[in-house]
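**Q** based on what follows, work out the 3D shape:
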Amino acid sequence: MKLKQKEPTKVSKDLVRKAQILTNRITNILTEEKVSFRTRIVGTIFIALSGGLLYLDKLLIYLNFESNLTYGFSNFSNFLWAFTQSVTPILMILGMYFKPLKFSFLIAVYCYALQLLWIFGPNYSESAMGHLFAIGFCIIFIMLVFFIKKLIVLLNKKKDNDQQFISEAKDVLEILKSKVLEGNKIEV
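**A** From the prediction side, this is the model:
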């Protein structure tokens with residue numbers, strides 16, 4: 001006995017069409033150099049969340065929220081901190097594809113600097129000194145980015161100068177070659 005297949009309904013065709021449009025939009029965002037301002041804002045939010053989520057455990061403690069779901073950790077707060085430490089880099093990578101506003105990276109760098117300080121000295125991470133450290137870390141980060149950009153410009157300039165020299169040397173060799181060949185012509 002042969003079963004009759006149902007023809008796609010209008011609703012399922014519409015869902016497929018919407019999925020194709022969404023897939024095309026995402027593909028365009030990932031491959032395009034220029035994106036819309038709204039897309040950049042979404043990327044900025046992703047980057048800011050990648051830093052801010054690191055403090056979700058502290059926010060939930062402040063709100064007196066606790067859960068029994070510890071997944072092997074000593075308490076829910078430790079589980080949440082470890083989970084957000086794992087998820088936030090993924091958010092940052094996704095956000096980078098949306099071409100975020102560059103200042104948003106400072107939010108993540110600031111939060112990661114505080115996390116780094118906490119690893120080496122938990123007493124200082126929530127003090128004024130800890131925040132001063134994070135601000136200093138952001139300033140060093142900005143200087144590092146500036147230095148790397150300048151280095152790239154200088155390397156590209158050197159590469160362009162080398163290419164120009166090679167091109168000019170080839171031109172000179174062609175001129176010399178033609179002069180030598182002209183001088184060696186045998187007249188009959």
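**Q** please make it C-alpha for all contacts and neighbour counts, starting now.
**A** OK.
**Q** my read: Ala134 touches Tyr110, true?
**A** Yes - if you go by CA atoms under 8 Å, Ala134 and Tyr110 touch, sitting 5.3 Å apart.
**Q** quickly list the domain ranges of this protein.
**A** Structural domains annotated on the chain: 12-122, 127-183, as defined by automatic domain parsing.
**Q** comparing the ones you listed, which comes out most buried?
**A** Neighbour counts (mean count of other CA atoms under 10 Å) averaged over each of these peak at domain 12-122, with a mean of 16.
**Q** contacts only, for the most centrally placed residue in the chain.
**A** The geometric centre of the chain, computed from its C-alpha atoms, lies nearest to Met96 (CA atoms, centre = their mean), at 3.2 Å. Met96 makes contact with 43, 47 under the criterion CA atoms under 8 Å, 6 or more residues apart in numbering.
**Q** now the element after the helix or strand harbouring it, going C-ward?
**A** Applying DSSP states H and E as the criterion places Met96 in helix 76-97. Counting by DSSP H and E, the element after helix 76-97 in chain order, helix or strand, is helix 104-120.
**Q** Lys99: what's it in contact with?
**A** 35, 39-40, 43-44.
**Q** for this protein, give me the ranges with low pLDDT.
**A** 1-11, 26, 28-33, 124-125, 184-188 (pLDDT under 70).
**Q** ok, now how distant is the closest residue to Cys111 other than its chain neighbours from Ala19?
**A** Excluding its sequence neighbours, the residue lying closest to Cys111 (CA to CA, 6 or more residues apart in numbering) is Gly51, at 5.2 Å. Noted for Gly51: a distance of 31 Å to Ala19, by CA to CA, to the nearest Å.
**Q** Ala113 versus Phe105, what's the distance?
**A** On the measure of CA to CA, Phe105 and Ala113 end up 12 Å apart.
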